[in-house]
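Q: my questions concern the predicted model and sequence given below.
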Amino acid sequence: MGNRVINKALKALRGEVIIPGDKSVSHRSVMFSALGDTPVHITNFLPSADCLSTVGVMRALGAKVDIISDTELVVEGNGLHGLQEPATILDAGNSGTTLRLMMGMLAPQKFVSVFTGDSSLHKRPMGRVIKPLSRMGAHIVGRADNTKLPITIVPVEGRLKGYRYEMPVASAQVKSAMLLAGLFAEGETTVVEPYPSRNHTELMLEAFGVELKYEGTSITIKAPEKMTAPEELVVPGDISSAAFWLVAASIIPGSELLLKNVGINETRTGIIDVLQDMGADITIINERKSGGEPVADMLVKYAQLHGTSFGADIIPRLVDEIPAIAVAAMFAQGDTVITGAGELRVKETDRLEAICQQFTRLGGNIEGTEDGLVIHGGTVPKMAECFSYNDHRMAMCLAVLGLAGAGVEIQEPDCVDISYPSFYDEVDRLTK
Ligand code: S3P
């Protein structure tokens, strides 16, 4: 795997970008369809390495997954209680979503399952899911005092018990693991979030006929008799992928991009609020519903940005977009102060540290704090060789920084396959 050189864009970015399917929704579409007993036709599926890890895991558990084309699948499960004991170790690859959600789905089952993953996933904290599931009666054994991969889920006697869990950090993965365990538990399972995180699990459970009760920031589930699969699931475009184009077009003079088919679920649109607050010229058009999720097109034009500050309350709505926002902040006038983002230290890599190290190489003036960043805007970019940390969102934000700045050479560039396999093709197309 060689380095990838991204040259400074010699002209404005103009035209259309069709945004590929949402990673979070693609994972859930396969997982939930495997709990129904009629076929589900999934379209605009994201054929990325992470989502294919979920396909592999669900197949190992007995689900029938037919890949019709890159973005089109038919999934048929064996019903809510039809998961089968896997004959192999389940490999979640680089995907925290696959691992954490599936721990919730498998903890109540009557068979053993063993998980592994790649070296990044082995370092990430799993105690945040193991602990609350154990309070429901689950038997989960992991390395490093039950916090890390490899992880074994041992069958329980009887059923898990419903539990009320007040989550210390806002995390859609932890919330989803608890709701999935709650599908099989005795009594009610409630999760209470400090701030609302993405709600794709809730929306999709409802699309499968499962009733949820909402009260303030709490969500309650009771085991249903069955999951009623819809015939069709349409995955919206991923705003976390659109984020790189929103930023690139905002900072490369003269640019004007139309981003087509972007999910605008309000638990995900924090980046729009922040960029608009920085002076970005973004217009949301053609709003519509697609498969139970709101989608729209976005017209983004170059604008001189200025610094801003934001903190814990909005972080869950833009948690994956901070690397892209940090690029915008480097090209803005004045300082940008980000707080309450400690969760970035436990993503695919420590993204706060990675941003500080690599942006500095590219001419940025940036300081890391315990839970955030201070980015002094308006510095002069330099060309440099940079490391992606094998983290897809780091590679893509470095590419955007190079396009808008003085170019970049990225080590371990191929990790973009995790969430946006066609990213470099789009870079080439738009800069040709
Ligand atoms: C995800 C939730 C978020 C996000 C991740 C996808 C999901 O993680 O960062 O990329 O699909 O539920 P946390 O739940 O750890 O915040």
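A: Received, thanks.

Q: beta-bridge partners for the closest residue to residue 365 other than its chain neighbours, please?
A: Computed as CB to CB, 6 or more residues apart in numbering, the closest residue to residue 365 that is not its neighbour in sequence is residue 376, at 4.1 Å. (C-beta placed from N, C-alpha, C; glycine too.) Partner residues in beta bridges with residue 376, using DSSP bridges, are residue 335, residue 365.

Q: ok, the one 10 residues further on next?
A: Beta-bridge pairing of residue 386 under DSSP bridges involves residue 410.

Q: that one against residue 407, yeah?
A: No - applying CB atoms under 8 Å as the test, residue 386 and residue 407 come out as separate, 10.6 Å apart.

Q: compare those two (neighbour count), which wins?
A: For residue 386 and residue 407, the more surrounded residue by other CB atoms under 10 Å is residue 386, and the numbers stand at 27 against 17.

Q: quick one: contacts for that one?
A: 358, 361, 362, 398, 408, 409, 410, 411 (CB atoms under 8 Å, 6 or more residues apart in numbering).

Q: returning to that earlier point: quick check, pLDDT for the residue nearest to residue 365.
A: Looking at residue 376, its pLDDT reads 98.

Q: double-check it against residue 332; I have them as touching.
A: No - contact criterion CB under 8 Å: residue 376 and residue 332 do not qualify, at 9.7 Å.

Q: those two: who's more crowded?
A: Each of residue 376 and residue 332 has its neighbours counted (other CB under 10 Å); residue 332 has more, 25 against 16.

Q: against residue 206, how distant is the more buried one?
A: Distance from residue 332 to residue 206, counting by CB to CB, to the nearest Å: 39 Å.

Q: same deal with residue 431?
A: 42 Å.

Q: ok, these two, which is more surrounded?
A: residue 431 (17 against 13).

Q: which residues does that one contact?
A: So residue 431 contacts 7, 9, 10, 11, 13, 403 (CB under 8 Å, 6+ apart).

Q: could you list the low-pLDDT ranges of the stretch 1-150 of the chain?
A: For the stretch 1-150 of the chain, applying pLDDT under 70 flags the ranges 1.

Q: please enumerate the strands of it.
A: Along the stretch 1-150 of the chain, the stretches classed as strands by DSSP state E, counting those that start in this stretch are 4-6, 14-18, 40-43, 64-69, 72-76, 90-91, 113-116, 139-142, 148-154.

Q: so what are the sheet partners of the first one and their directions?
A: By that I understand strand 4-6. Strand 4-6 has its sheet partners listed here by DSSP bridges as strand 408-411 (antiparallel).

Q: check the shortest one too.
A: When pairing is defined by DSSP bridges, strand 90-91 lines up against strand 113-116 (parallel).

Q: any idea how far residue 61 lies from residue 378?
A: Taken as CB to CB, the span from residue 61 to residue 378 is 52 Å.

Q: so what's residue 221 closest to, chain neighbours aside?
A: residue 182 (4.0 Å).

Q: residues in contact with that neighbour?
A: 162, 188, 189, 221, 222, 223.

Q: at 7 Å instead, please
A: Residue 182 makes contacts with 162, 189, 221, as judged by CB atoms under 7 Å, 6 or more residues apart in numbering.

Q: scan the residues you listed and report the most crowded one.
A: Within these, residue 189 tops the neighbour count with 27 neighbours, counted by other CB under 10 Å.

Q: separation between that one and the ligand?
A: 17 Å (CB to the nearest ligand atom, to the nearest Å).

Q: wait, isn't that residue in contact with residue 178?
A: Yes - at 6.0 Å, residue 189 counts as touching residue 178 under the criterion of CB atoms under 7 Å.

Q: how far does stretch 38-58 sit from the chain's center?
A: On the basis of CA atoms, centre = their mean, to the nearest Å, stretch 38-58 sits 15 Å off its chain's mean C-alpha point.

Q: next one: stretch 417-432
A: Worked out by CA atoms, centre = their mean, stretch 417-432 lies 18 Å from the chain centre.

Q: measure that stretch end to end?
A: With CA to CA, to the nearest Å as the measure, stretch 417-432 spans 22 Å from end to end.

Q: flag every buried residue along that stretch.
A: Applying a neighbour-count criterion of 16 or more other CB atoms under 10 Å, one finds 417, 418, 419, 420, 421, 422, 423, 424, 426, 427, 430, 431 buried in stretch 417-432.

Q: for the ligand, what are the nearby residues on the protein?
A: With CB under 6 Å from any ligand atom as the criterion, the chain comes near the ligand at residues 24, 97, 171, 172, 173, 176, 198, 319, 320, 343.
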